[in-house]
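> Okay, sequence plus prediction incoming.
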Amino acid sequence: MSNPHPEHLLNHIAGRWTPSLTGKVRPNLNPADTTDVIGDFTESGTEDATTAIDAATTAQHDWDTIGPIERAKLLKTAATLITERSETFAEAITREQGKRLSESRGEVARSLTILDYTIGEARRINGVTTPAEEPRTLAMTFRRPLGVVGLITPWNFPVAIPM
């Protein structure tokens, strides 16, 4: 079977599909049917990760400046797209994980619940004001995005856990 999504051979970095610097690819097989080749996927290395981290760090400034309400609007767009493609996501999870389709659908639904919660939190980002040691001084906290983080997530919940 040829890969219907040739971009899977690439990494998505800085808004573009780019080849891995390792130049290596590997087949991704359905564990429930190893004759079902899902596609060929890139094997990325340290240099690819560094490039992605650098691009994410650069993009972080724009993400910080748009504010929580605009970030929530972008996440709402993502939620709409996931909802529209939920069956495609579920089928892909089933092929890649070997889990039942009903479980994969549940995982997609759970990821949308998590995303919906996160969208709602945009209006509840509160700081804390407390008395300071100095007279007529207040100590205030402001909530800001953490910045770029790296995640290693379990293979068996590929959508819900990262969400």
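Now that the structure is in, tell me what you want to look at. These figures come from a predicted structure and were not determined experimentally. Numbering: from 1, shown residues only.
> my guess is residue 42 is in a helix, correct?
No. Going by DSSP: H, G, I helix; E, B strand; the rest coil, the assignment for residue 42 is strand, not a helix.
> what's the distance between the closest residue to it other than its chain neighbours and residue 50?
Computed as CB to CB, 6 or more residues apart in numbering, the closest residue to residue 42 that is not its neighbour in sequence is residue 20, at 4.1 Å. Quick note: C-beta positions are derived from backbone N, CA and C, even for glycine. Relative to residue 50, residue 20 is positioned 12 Å away (CB to CB, to the nearest Å).
> who's more crowded, the two?
residue 20 (18 against 11; other CB atoms under 10 Å).
> so where do the helices sit in the chain?
Using DSSP state H, the helices of the chain run over 46-65, 67-84, 86-97, 101-121.
> by contact count, what packs against the worst-scoring helix or strand of the chain on mean pLDDT?
One helix or strand of the chain scores below all others by mean pLDDT, DSSP states H and E: strand 129-131, with a mean of 80. Helices and strands touching strand 129-131, by 3 or more CB pairs under 8 Å, 6 or more residues apart in numbering; DSSP states H and E, are strand 138-140.
> so how far is the strand it packs on off the chain centroid?
Distance of strand 138-140 from the chain centroid (CA atoms, centre = their mean, to the nearest Å) equals 34 Å.
> Look up the closest residue to residue 140, ignoring the ones flanking it.
That would be residue 129: by CB to CB, 6+ apart, it lies 5.0 Å from residue 140.
> how close does residue 128 get to residue 61?
25 Å.
> so where's the protein shaky on pLDDT?
1-8 (pLDDT under 70).
> Pop the domain breakdown of it in here.
The chain is divided into the following domains under automatic domain parsing: 1-64, 66-163.
> rewinding a little: please identify the most buried of the helices of the chain.
helix 86-97 (a mean of 17; mean count of other CB atoms under 10 Å).
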